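Participant: No sequence on hand, only this structure:
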């Protein structure tokens with residue numbers, strides 16, 4: 001049986017979408033209702049960054065032998081703690097991590113998609129409500145998303161930008177997508193996958 005594996009952080013996991021379990025949950029429901037032979041595994045992890053993902057990616061992906069791999073990762077790499085230069089994964093290291101993820105994924109399938117990093121509502125993320133030392137801003141979100149696009153283009157991998165399609169009202173806490181935001185990502189991802197004939 002063919003499968004799709006989704007890897008990433010809060011957006012991939014589907015946090016705050018209590019209706020459908022995120023865009024990946026919506027995609028799984030769509031596949032189930034259309035009698036395809038595709039199974040979707042949501043392997044998103046809350047607060048994950050690319051360094052975290054690299055530790056587990058090959059084992060989890062190889063075990064499922066997916067025909068399609070979708071990543072949505074990077075927003076938690078772009079955060080900073082107290083000082084804007086203090087990222088958990090600095091930009092250059094982030095680019096290397098993306099390259100390593102692509103190389104590992106290409107050993108399994110050529111059908112690889114990176115869903116872009118969403119923008120944030122800085123009124124709620126500078127700092128965050130849950131930790132006054134943690135900051136997310138749109139400058140860094142854009143820089144890290146551009147790095148994904150650059151590396152993906154070099155490696156012949158697809159990048160689907162989403163930031164322009166999302167509004168502040170699509171964010172639950174200024175950072176994570178709500179049900180409306182996940183619904184938008186689902187439509188964008190489904191359209192891309194259908195056009196590529198990956199479904």
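Facilitator: The structure has been received and is ready for your questions. On a predicted model such as this, the values are computed, not experimentally measured, just so you know.

Participant: looking at the protein, which residue lies furthest from center?
Facilitator: residue 35 (25.9 Å; CA atoms, centre = their mean).

Participant: On the strand side of things, show who the residue most central in space within the chain bridges to.
Facilitator: In the chain, the residue lying closest to the centroid (CA atoms, centre = their mean) is residue 72, at 1.0 Å. Beta bridges link residue 72 to residue 8 when assigned by DSSP bridges.

Participant: neighbours of residue 18, just the number please.
Facilitator: Applying other CB atoms under 10 Å, we find 10 other residues in the vicinity of residue 18. Where C-beta positions appear, they are placed from N, C-alpha and C, glycine not excepted.

Participant: Residue 29 versus that one, what's the distance?
Facilitator: Separation of residue 18 from residue 29 (CB to CB, to the nearest Å): 14 Å.

Participant: same thing with residue 60?
Facilitator: In this structure, residue 60 and residue 29 are 22 Å apart, going by CB to CB.

Participant: same deal with residue 55?
Facilitator: When residue 55 is compared with residue 29 (using CB to CB), they lie 30 Å apart.

Participant: hang on, the earlier thing: could you tell me how far the residue farthest from the centre of the chain is located from residue 21?
Facilitator: Here the criterion is CB to CB. By it, residue 35 lies 20 Å from residue 21.

Participant: so what's the nearest residue to residue 149 once chain neighbours are set aside bridging to?
Facilitator: The shortest distance from residue 149 to any residue that is not its chain neighbour, by CB to CB, 6 or more residues apart in numbering, is 4.5 Å, and that residue is residue 159. Residues in a beta bridge with residue 159, per DSSP bridges, are residue 114.

Participant: Show me which of residue 55 and residue 29 is the more surrounded one.
Facilitator: Remark: of residue 55 and residue 29, residue 29 carries more neighbours, 14 against 9, as counted by other CB under 10 Å.

Participant: pretty sure that one is in a helix, no?
Facilitator: Yes: the assignment for residue 29, made by DSSP: H, G, I helix; E, B strand; the rest coil, places it in a helix.

Participant: Contacts only, for it.
Facilitator: Under the criterion of CB atoms under 8 Å, 6 or more residues apart in numbering, the contact partners of residue 29 comprise residue 20.

Participant: and what of residue 116?
Facilitator: By CB under 8 Å, 6+ apart, the residues touching residue 116 are 145, 148, 149, 159, 160, 161, 162, 163.
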